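In: predicted model and sequence follow; I will ask about them next.
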Amino acid sequence: MEQIEFDYPAKRKVSRRAHVGVVGSGDLEVLLEPADAGSSHVIIRTSVDGFRDTWKAVLDRFFAKYDGVVRIEINDVGATPGSVLLRLEQAVEASEQ
């Protein structure tokens, strides 16, 4: 089990929490909540060690478009990068409804 953390600059306030996905059967869970700091903080707990660079690439792509000040927790059991990006986008959509 590996834990990875990243910070990204952000400026837009987010008002609602979101929870998408479930851990199990190769899926992942994303918890998104508003933060008070001027940046976003991401914590990843994954069962697959050694993929820090892949996680960074996926999150860099996500935060190139998303500027919400949030705290994101990702609990992963081996999801593909495409699935991770999809779940992140679903969490944003759920928090903005």
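Out: Nice, I can see it. Residues are numbered from 1 along each chain as shown.
In: residue 85 contacts residue 60, correct?
Out: No. Counting by CB atoms under 8 Å, residue 85 stays clear of residue 60, with 11.0 Å between them. Where C-beta positions appear, they are placed from N, C-alpha and C, glycine not excepted.
In: the two - which one has more neighbours?
Out: Neighbours per residue (other CB atoms under 10 Å) separate residue 85 from residue 60, with residue 85 holding more: 15 against 11.
In: neighbours around residue 32, how many?
Out: For residue 32, the count of nearby residues is 26 (other CB under 10 Å).
In: ok, it to residue 46 distance?
Out: Distance, residue 32 to residue 46, using CB to CB, to the nearest Å: 17 Å.
In: residue 78 should be in a helix, yeah?
Out: No. With DSSP: H, G, I helix; E, B strand; the rest coil as the criterion, residue 78 is assigned coil and is not in a helix.
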